[in-house]
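Engineer: with the sequence up front, the predicted model follows.
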Amino acid sequence: GEDVEQSLFLSVREGDSSVINCTYTDSSSTYLYWYKQEPGAGLQLLTYIFSNMDMKQDQRLTVLLNKKDKHLSLRIADTQTGDSAIYFCAVDGSGNTGKLIFGQGTTLQVKP
Amino acid sequence: DGGITQSPKYLFRKEGQNVTLSCEQNLNHDAMYWYRQDPGQGLRLIYYSQIVNDFQKGDIAEGYSVSREKKESFPLTVTSAQKNPTAFYLCASSETGNPLEQYFGPGTRLTVT
């Protein structure tokens, strides 16, 4: 089945850029998503990218998609302490199943 | 305000008891989902429903049951057959079709002792 992998932890200094990476196995995924989870809360959709795009920018967030390598990344510019959270990558896989497959999540720690 | 509510926020039960977690949405979404979250394992899909009176098993349905009698409600029952029920449970909803923008509730933390 589809597999989505992320590194578990990233630590950056306030004001630096953060890059969170994700790899997936199913090249037929149509949309790829980034979600944010703050402590003890549900997930919040940050952004998504259509599979025929290479890049999408939304204010401080930049999503890069390399379909050949099945690699997705989320760059957060000027990272703030409020960005500290768990970030999940998700893909919709193949077959229009109506399901998302999530990675394990990357915990982003922002140091002042 | 439109959104998804889950109640209660914290739930404690003794081993051997069934427990039902509530999930309600007023977003008029057709699809609803239940996930389980354990530390370091991300989200795992338990059950999902794309329309009223119909639902499908996810990856870890054993020991769980659901019903979808109303569009806005998708309760999850954790039965005594679930071997390791202590976890954080998240409910989500979305419109059907792509992109699959799922909206999540605040979660219920279930502790079984």
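Structural biologist: Here it is on my side, so go on.

Engineer: A:F102 is in contact with B:Q41, correct?
Structural biologist: No. B:Q41 sits out of contact with A:F102 when judged by C-beta atoms under 8 Å, with a separation of 9.6 Å. Using the backbone N, CA and C atoms, a C-beta is placed for each residue, glycine as well.

Engineer: for the residue of chain A found nearest chain B, the count of nearby residues, please.
Structural biologist: Chain B sits closest to A:G42 of chain A, with a gap of 3.4 Å, by C-beta to the nearest C-beta. Residues contacting A:G42 under the criterion other C-beta atoms under 10 Å in any protein chain shown number 22.

Engineer: for the nearest residue to it once chain neighbours are set aside, give the beta-bridge partners.
Structural biologist: Leaving aside its sequence neighbours, A:G42 sits nearest to B:F104 (C-beta to C-beta, 6 or more residues apart in numbering or on different chains; 3.4 Å). Assessed by DSSP bridges, B:F104 has beta-bridge partners B:A92.

Engineer: what's near enough to touch B:F104?
Structural biologist: A:G42, A:L43, A:Q44, B:I4, B:L90, B:C91, B:A92 (C-beta atoms under 8 Å, 6 or more residues apart in numbering or on different chains).

Engineer: quick check: the two most widely separated of those residues?
Structural biologist: The span of the contacts of B:F104, defined through C-beta to C-beta, is set by A:Q44 and B:C91 at 14.2 Å.

Engineer: for the chain, just list every one of the strands.
Structural biologist: With no chain named, the answer covers chain A. A:4-6, A:9-13, A:18-24, A:31-37, A:43-50, A:55-58, A:61-66, A:71-76, A:85-91, A:101-102, A:106-111 (DSSP state E).

Engineer: wrong one, chain B
Structural biologist: Under DSSP E, chain B gives strands at B:4-7, B:10-13, B:19-25, B:31-37, B:43-51, B:54-57, B:64-66, B:76-78, B:87-94, B:103-104, B:108-112.

Engineer: neighbouring strands of the fourth one in the sheet, and parallel or not?
Structural biologist: Okay, so that is strand B:31-37. strand B:43-51 (antiparallel), strand B:87-94 (antiparallel).

Engineer: just want the angle from that strand to strand B:19-25.
Structural biologist: Orientation of strand B:31-37 against strand B:19-25 (axes from the mean of the first three to the mean of the last three C-alpha atoms, to 10 degrees) gives an angle of 130 degrees.

Engineer: using JSON lines, lay out the strands paired with strand B:31-37 together with mean pLDDT and mean neighbour count.
Structural biologist: JSON lines is the format used below for the strands paired with strand B:31-37 (pLDDT from 0 to 100; neighbours: other C-beta atoms under 10 Å in any protein chain shown):
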{"stretch": "strand B:43-51", "mean pLDDT": "95", "mean neighbour count": "20"}
{"stretch": "strand B:87-94", "mean pLDDT": "96", "mean neighbour count": "24"}
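
Engineer: let me have these in JSON lines, extended by distance to A:K36.
Structural biologist: Supplementary listing: the strands paired with strand B:31-37 in JSON lines, determined by distance: least, C-beta to C-beta, whole Å:
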{"stretch": "strand B:43-51", "distance to A:K36": "13"}
{"stretch": "strand B:87-94", "distance to A:K36": "14"}
